[in-house]
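Asks: A predicted structure for the sequence below; I have some questions about it.
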Amino acid sequence: MPTAINKLGLDAVQKKGWLVAHKWLLLRRLSQLGILGLFLAGPWFGVWIVKGNMISSLTLDVLPLSDPYVLWQSLFAGHVMEATAIVGALIVLAFYMLVGGRVYCAWVCPVNIVTDAAEWLRLKLGIKSGAQYSRKTRYWILGMSLLLAAITQVMVWELVNPVSIINRSLVFGMGMAGWMILSIFIFDAFVSRRGWCGHVCPVGAFYSLLGKFSLVRVNAINRSQCDDCMECFVVCPEPQVITPALRGQEKNIGPVILSSNCTNCGRCIDICSKDVFQFDHRFNNKISIKVTHQREVLP
Amino acid sequence: MTSDTHKQALAAQSRRNFLVSMARTAGGVSLLGLGLGLYSRQSISLPADAIRPPGVADEKDFLSACIRCGLCVRDCPYDTLKLAQLGDDVVVGTPYFEARKVPCEMCDDIPCVKACPTGALEPQLTNIDDARMGLAVVSDQENCIAFQGLRCEVCYNVCPARGKAITLDRQHNVRTGKHALFIPVVHSDACTGCGKCEHACILDQAAIKVFPIQLAKGELGKHYRLGWEEKQKAGGSLVTPDQQHKYNLPKGQDYDYEGEGLIQQDKQQDTPFSENPLQRLNRGFAK
């Protein structure tokens, strides 16, 4: 039976304790803020561990990291990079191809904190309505951003890209970026549920393509234990990815969430009081031969 | 049978829905793209007082190459460079400096260019004297005090290429009639556009400013040839030398083409009066 919104997560807290029921969320925030902190340690405290920003950085004066999506835009705009940027992008590519492309969205990108806050407000206020449009819009925008770069010879998307601008502003000075943060918050809270990260953002679209075959995935390994409380669907930023894995037993679909739009955020793991989900690798996707499909029968 | 046609109808319906939804998304995104494209055309112009770091040859190329990471800003030892913030007139996230606030100190090792991971600041630039960030222009001759005949020469003296990028041209001071004006003159073959002159100018508003080169420089029409230069290049006149023109002058007169003009060979003929005053007194009393 679906859990009421105001009781969301209570059973998990009761069963596992607050800390365990928020483990991945806390780790994620730690990761997001920690990465931001590494960038800020230099300008704020003079501790130069990482220089630059998330588009391109230099760690400890040796390790270059570059955002492959921005490099693609630059390539389409007609510029061929120097080796440093290419090496940096290859390292980033390799990392996300391994751990899941949209791990960037859930564990690194500072905009995620904004959109998660908007979603929290949505749930609190019980806002259900919102603009309806395809989650594929982001791929169209991704294509458009590259096409426009090729036509205009300018990285057009980088003139407005909130992911780049908000991150850079936090490290290099806000300017009017606060308004951008506010507009994304308002957009997600009142205009479109999971609007920015789930529908529009081409950065997420790019990283999802990157993570098409990534090794680290969430596995609904104990799906037979699912009691249809629906809490994972409520907290998941991309709920459509859960269905095949969680409900696929009868259709002979394995329990691993293979959709590259899963951000590996781990909220489903936290929220589930039955411990259905866990982090796993994509090849542990065998359908158990013995049918253990026994849903709890509620009185 | 009926179930089959029903299925077909359903399939047609879903195909229709799919196409409509595709068209809707594509249409929306195209509109967004059009707006962005138009916005980009407006937003990429650079204000004249924003100067790019060394190693930027062409603004358009730079905008396609710079990924706005700020590594050049971080490695600038004098905090000259800054990244444009959202709302500034400069393309958001790109590095620039304002000479009047903090000029470029022209580091020998050019750390900003070395820091650039993409080559937007061209790594071929290894000698900072070859940098062309902009071009200094004495833009206000009415207020520059050197033009008033006052000794200033601050821009000349702070110039890192002193005597080459800025020279002092001595001109006659018409007002006093006996002094010289020490006029600063910028030479584009040596000026790097570092902006130290603009920064140091003693006026409330600088009379010498660094402008983007394409704004600052004029260009002679391609068909123009300066005769004396062509003559020197060729080592002699390129056309048949003119016949020396001869005026049909009265006897005793000549004409100097090099500048002197009309020459009277016999000065005695010039005046009816003799140089000897006695002769004039004795006139009529012929010998």
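Replies: Sure, I can see it.
Asks: mind checking the longest helix of the chain?
Replies: Chain wasn't specified; assuming chain A. Looking only at chain A and at elements set by DSSP state H, the helix with the highest residue count is helix A:23-45.
Asks: not quite, I wanted chain B
Replies: Identified as the longest helix of chain B according to DSSP H is helix B:2-43.
Asks: which parts of whichever helix or strand comes after it are buried?
Replies: Beyond helix B:2-43 in the direction of the C-terminus, DSSP states H and E gives the next helix or strand as helix B:59-65. Along helix B:59-65, the positions that meet the burial threshold by neighbour count (16 or more other Cβ atoms under 10 Å in any protein chain shown) are B:61-65. Backbone N, C-alpha and C define where each C-beta goes, glycine included.
Asks: who are the packing partners of the helix or strand just after helix B:59-65?
Replies: Stepping forward along the backbone from helix B:59-65, the first helix or strand reached (DSSP H and E) is helix B:71-75. In terms of contact count using 3 or more Cβ pairs under 8 Å, 6 or more residues apart in numbering or on different chains; DSSP states H and E, helix B:71-75 is assigned the packing partners strand A:50-53, strand A:56-59, helix B:111-115.
Asks: so what touches helix B:71-75?
Replies: Applying Cβ atoms under 8 Å, 6 or more residues apart in numbering or on different chains, the set of residues contacting helix B:71-75 from outside is A:42, A:48, A:51-52, A:56-58, A:172, B:53, B:81-83, B:95, B:111-117, B:121.
Asks: using PDB, write down the CA coordinates of it.
Replies: Extracted C-alpha coordinates of helix B:71-75, given in PDB (Å, rounded to 0.1, in the frame of the first residue of the first chain):
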ATOM      1  CA  LEU B  71      42.900  28.800 -14.400                       C
ATOM      2  CA  CYS B  72      44.600  31.900 -16.000                       C
ATOM      3  CA  VAL B  73      43.000  34.100 -13.300                       C
ATOM      4  CA  ARG B  74      44.300  31.800 -10.600                       C
ATOM      5  CA  ASP B  75      47.800  31.900 -11.900                       C
END
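Asks: off-centre distance for it?
Replies: Counting by Cα atoms, centre = their mean, to the nearest Å, helix B:71-75 is centred 27 Å from the centre of its parent chain.
Asks: swap in stretch B:205-225?
Replies: When distances are taken as Cα atoms, centre = their mean, stretch B:205-225 is centred 3 Å away from the chain's centroid.
Asks: show me what counts as buried in that stretch.
Replies: Counting neighbours by 16+ other Cβ under 10 Å, one finds that the buried residues in stretch B:205-225 are B:206-212, B:216.
Asks: what about the closest residue to chain A within chain B, distance to residue A:38?
Replies: Of chain B, the residue with the smallest distance to chain A, taken as Cβ to the nearest Cβ, is residue B:85 at 2.5 Å. According to Cβ to Cβ, to the nearest Å, residue B:85 stands 21 Å off from residue A:38.
Asks: kindly report the same for residue A:232.
Replies: For residue A:232, the distance to residue A:38 - Cβ to Cβ - is 32 Å.
Asks: the two: which is more packed in?
Replies: Higher neighbour count among residue A:232 and residue A:38: residue A:232, with 21 against 17, using other Cβ atoms under 10 Å in any protein chain shown.
Asks: tell me the SS of that one?
Replies: Judged by DSSP: H, G, I helix; E, B strand; the rest coil, the three-state class of residue A:232 is helix.
Asks: so for the closest residue to chain B within the stretch 151-299 of chain A, what pLDDT did the model give?
Replies: Nearest residue of the stretch 151-299 of chain A to chain B, counting by Cβ to the nearest Cβ: residue A:175, 2.5 Å away. Confidence at residue A:175, expressed as pLDDT, is 82.
Asks: now it, what are its backbone angles?
Replies: Comment: the main-chain dihedrals of residue A:175 come out as phi 60, psi -130, following degrees, to the nearest 10.
Asks: that one: neighbour count?
Replies: Neighbour count for residue A:175, taken as other Cβ under 10 Å: 19.
Asks: same check, this time on the one 3 residues further on
Replies: Number of residues near residue A:178 (other Cβ under 10 Å) recorded here: 12.
Asks: what does the one 5 residues further on give?
Replies: By the measure other Cβ under 10 Å, the count of residues near residue A:183 is 14.
Asks: what pLDDT does it get?
Replies: At residue A:183, the model reports a pLDDT of 92.
Asks: that one belongs to a helix, doesn't it?
Replies: Yes: assessed by three-state DSSP, residue A:183 belongs to a helix.
Asks: which residues touch it?
Replies: When the contact criterion is Cβ under 8 Å, 6+ apart, residue A:183 has no partners at all.
Asks: again with residue A:265
Replies: A:24-25, A:28, A:106-107, A:237.
Asks: restrict those residues to contacts with chain B.
Replies: Taking Cβ under 8 Å from any Cβ of the partner chain as the test, chain B is in contact with none of these.
Asks: residue A:196: which of these is nearest?
Replies: In terms of Cβ to Cβ, no member of the contacts of residue A:265 lies closer to residue A:196 than residue A:237, at 10.4 Å.
Asks: for the closest one, give me its contacts.
Replies: Per Cβ under 8 Å, 6+ apart, neighbours of residue A:237: A:106, A:115, A:119, A:194, A:197-198, A:263, A:265, A:267.
Asks: which SS state does it fall under?
Replies: Taking three-state DSSP as the rule, one finds residue A:237 in the coil state.
Asks: where's it relative to residue A:202, distance?
Replies: From residue A:237 over to residue A:202 (counting by Cβ to Cβ), the distance is 16 Å.
Asks: then residue B:96?
Replies: Residue B:96 is 27 Å from residue A:202, where distance means Cβ to Cβ.
Asks: among the buried residues of stretch B:205-225, which two are most distant?
Replies: Checking the buried residues of stretch B:205-225 against each other with Cβ to Cβ, the farthest-apart pair comes out as B:207 and B:212, at 18.3 Å.
Asks: need phi/psi at residue 107.
Replies: As the question left the chain open, I've gone with chain A. On the backbone of residue A:107 - angles per degrees, to the nearest 10 - the values are phi -110, psi -10.
Asks: correction: the question concerned chain B.
Replies: Dihedral angles (degrees, to the nearest 10) for residue B:107: phi -60, psi 140.
Asks: thanks again, I'm all set now.
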